[in-house]
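Q: just the structure for this:
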Amino acid sequence: MPTSLPGVRCYTDASTSPDLASNLSRDAGIGIFIVNNQVHPVQTIYIKAAMKETSSVLMAEAAALALAATVAKHLHLRQVSFLSDNQPLVNFLNNANPDEPPDWRIKLCTQTYINHSNEAAHRVYRIKRDQNCTADTLARQSFAELHSSSSFTSSCSYASHLQCSLREALLPVTLHSVRLLTASCC
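A: All right, here's what the predicted structure looks like:
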């Protein structure tokens with residue numbers, strides 16, 4: 001059960017159209033849900049992002065994990081358990097040989113995840129889809145909002161924050177073809 005994992009839990013998911021034989025590039029929505037139980041009261045962060053030019057569902061899921069690891073690094077989170085419902089991606093990232101991805105087009109994303117997660121005792125776990133509802137909802141909402149022209153917005157309703165640093169922490173976050181849409185801290 002994800003709730004029994006120590007440290008911060010970071011749920012990730014992506015939403016895009018199904019893979020087709022044509023391998024046409026398409027857009028994807030990304031959802032990240034962070035539960036930081038290392039502070040009291042427990043802090044939750046909801047992030048929505050859009051990705052251009054994804055070639056597969058696997059690539060979108062890899063981008064979600066890469067973005068989550070980048071965000072965790074910028075938020076200075078330690079002992080993060082990354083949770084994904086994508087079995088091939090989790091198997092690859094937990095493999096002893098990260099130089100042989102199941103699809104070479106995900107290499108940039110998986111290398112970004114590895115680079116940002118190695119230094120802070122992070123792990124990636126596979127969870128069932130029904131345990132990933134919040135990240136899935138955020139990803140679906142992001143997919144629906146893909147073509148909105150609004151700039152990145154953030155909000156905070158976390159009672160312990162006198163001044164929330166979420167926006168400032170996320171502004172330098174960059175990932176190829178990924179654009180942050182919204183972030184909220186509760």
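Q: tell me where the chain has strands.
A: If you assign secondary structure with DSSP state E, the strands in the chain sit at 8-16, 26-36, 43-54, 80-84, 123-126, 153-156, 178-185.
Q: and the helices in the chain?
A: Using DSSP state H, the helices of the chain run over residues 57-74, 87-93, 107-117, 133-144, 166-170.
Q: hang on, the earlier thing: out of the strands of the chain, nearest to residue 107?
A: Residue 107 lies closest, by CB to CB, to one member of the strands of the chain: strand 43-54, at 13.8 Å. Heads up, the C-betas are built off the backbone N, CA and C, glycines and all.
Q: just to revisit the earlier point, okay if I get the helices of the chain as TSV plus mean neighbour count, distance to residue 154 and mean pLDDT?
A: Below are those laid out as TSV (neighbours: other CB atoms under 10 Å; distance: least, CB to CB, whole Å; pLDDT from 0 to 100):
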stretch	mean neighbour count	distance to residue 154	mean pLDDT
helix 57-74	26	12	93
helix 87-93	18	27	91
helix 107-117	20	20	86
helix 133-144	20	14	95
helix 166-170	17	4	84
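Q: can you redo the ones you listed as TSV with distance to residue 186?
A: TSV is the format used below for the helices of the chain (distance: least, CB to CB, whole Å):
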stretch	distance to residue 186
helix 57-74	16
helix 87-93	27
helix 107-117	24
helix 133-144	12
helix 166-170	10
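Q: wait, which of those is closest to residue 99?
A: Closest approach to residue 99 among the helices of the chain (CB to CB): helix 107-117, 8.8 Å.
Q: related to what we said a few turns ago, highest mean neighbour count out of the strands of the chain?
A: strand 8-16 (a mean of 26; mean count of other CB atoms under 10 Å).
Q: so where's this protein shaky on pLDDT?
A: Confidence mapping of the chain against pLDDT under 70 gives the ranges 20-23, 96-98, 119-121, 149.
Q: contacts for stretch 133-143?
A: 11-16, 27-33, 46-50, 64, 83, 85, 129, 181 (CB atoms under 8 Å, 6 or more residues apart in numbering).
Q: ditto for stretch 174-183
A: The list of residues contacting stretch 174-183 from outside it, by CB under 8 Å, 6+ apart, reads 30, 45-54, 63, 66-67, 70, 108-109, 112, 142, 145, 148, 150, 152-155, 166-167, 170, 173.
Q: any chance of the strands of the chain in JSON lines, plus distance to residue 138?
A: What follows is those, written out as JSON lines (distance: least, CB to CB, whole Å):
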{"stretch": "strand 8-16", "distance to residue 138": "7"}
{"stretch": "strand 26-36", "distance to residue 138": "3"}
{"stretch": "strand 43-54", "distance to residue 138": "5"}
{"stretch": "strand 80-84", "distance to residue 138": "13"}
{"stretch": "strand 123-126", "distance to residue 138": "18"}
{"stretch": "strand 153-156", "distance to residue 138": "14"}
{"stretch": "strand 178-185", "distance to residue 138": "9"}
